[in-house]
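Visitor: A structural model of the following input is requested.
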Amino acid sequence: MDSFRKTLENLRAGVALAAAREPDVLTVTGLVSLFEICFEQSWKAMKKTLHAHGFLEARSGSPRAIIKLAYREGMIRDEQSWLNMLDDRSRGVHTYNEAVAEQIAAAVPEYVQQFEQLLNVLNADWS
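Guide: Have a look, this model is predicted:
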């Protein structure tokens with residue numbers, strides 16, 4: 001959970017930096033990379049927490065399966081946003097296309113809200 005928390009702090013800082021300047025390739029690329037890292041840490045935090053609470057299917061679940069389980073169990077509220085994040089993480093990791101990177105970077109502020117909700121729920125209801 002600490003890794004997720006720290007990567008979210010870094011992502012928030014990246015969003016603030018990106019908002020304060022004209023977008024350039026380094027800013028967009030950095031923001032997308034920070035998002036990808038935060039996404040990885042978030043679904044792994046969900047997986048670890050669900051498994052610790054007795055959900056055996058979380059032991060070997062894929063990110064998509066973990067997102068669906070987390071939604072079913074009330075850990076996340078907006079399944080579609082999380083599935084969109086998963087798709088964006090996959091698009092960003094597996095191919096580099098400047099237009100795709102810009103689309104993902106534009107969505108990151110909304111994604112930060114999803115990450116923050118997850119962190120709050122994990123701290124309040126699952127710790």
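Visitor: Tell me the secondary structure at Ile67.
Guide: State at Ile67, reduced to three classes by DSSP: H, G, I helix; E, B strand; the rest coil: helix.
Visitor: Relative to Pro23, how far out is the spatially most central residue of the chain?
Guide: Here the mean C-alpha position of the chain is nearest to the C-alpha of Phe39 (Cα atoms, centre = their mean), at a distance of 2.8 Å. Using Cβ to Cβ, to the nearest Å, Phe39 is found at 21 Å from Pro23. For every residue, glycine as well, the C-beta is placed using N, CA and C.
Visitor: Leu56 versus the residue nearest to the centre of the chain, what's the distance?
Guide: Distance, Phe39 to Leu56, using Cβ to Cβ: 24 Å.
Visitor: How about Asn97?
Guide: On the measure of Cβ to Cβ, Asn97 and Leu56 end up 39 Å apart.
Visitor: Check Leu122 too.
Guide: In terms of Cβ to Cβ, Leu122 sits 19 Å off from Leu56.
Visitor: Can you check what pLDDT the model gives the residue located most distally from the centre of the chain?
Guide: No residue in the chain sits farther from the centre than Glu22, which is 24.1 Å out by Cα atoms, centre = their mean. Listed pLDDT for Glu22 reads 87.
Visitor: Same question for His94.
Guide: The model's pLDDT for His94 equals 65.
Visitor: Please export the C-alpha coordinates of the helix or strand of the chain at the bottom of the mean pLDDT ranking as PDB.
Guide: Within the chain, no helix or strand scores below helix 79-94, which has a mean of 91 by mean pLDDT, DSSP states H and E. Provided in PDB are the C-alpha atoms of helix 79-94 (Å, rounded to 0.1, in the frame of the first residue of the first chain):
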ATOM      1  CA  GLU A  79     -15.800  -0.200 -12.900                       C
ATOM      2  CA  GLN A  80     -15.800   1.400 -16.300                       C
ATOM      3  CA  SER A  81     -13.300   4.100 -15.400                       C
ATOM      4  CA  TRP A  82     -11.000   1.400 -14.100                       C
ATOM      5  CA  LEU A  83     -11.400  -0.700 -17.200                       C
ATOM      6  CA  ASN A  84     -10.600   2.500 -19.200                       C
ATOM      7  CA  MET A  85      -7.500   3.000 -17.100                       C
ATOM      8  CA  LEU A  86      -6.500  -0.600 -17.800                       C
ATOM      9  CA  ASP A  87      -6.900  -0.100 -21.500                       C
ATOM     10  CA  ASP A  88      -5.000   3.200 -21.400                       C
ATOM     11  CA  ARG A  89      -2.200   1.500 -19.400                       C
ATOM     12  CA  SER A  90      -2.000  -1.300 -22.000                       C
ATOM     13  CA  ARG A  91      -2.100   1.200 -25.000                       C
ATOM     14  CA  GLY A  92       0.700   3.200 -23.400                       C
ATOM     15  CA  VAL A  93       2.900   0.300 -22.500                       C
ATOM     16  CA  HIS A  94       2.600  -1.800 -25.600                       C
END
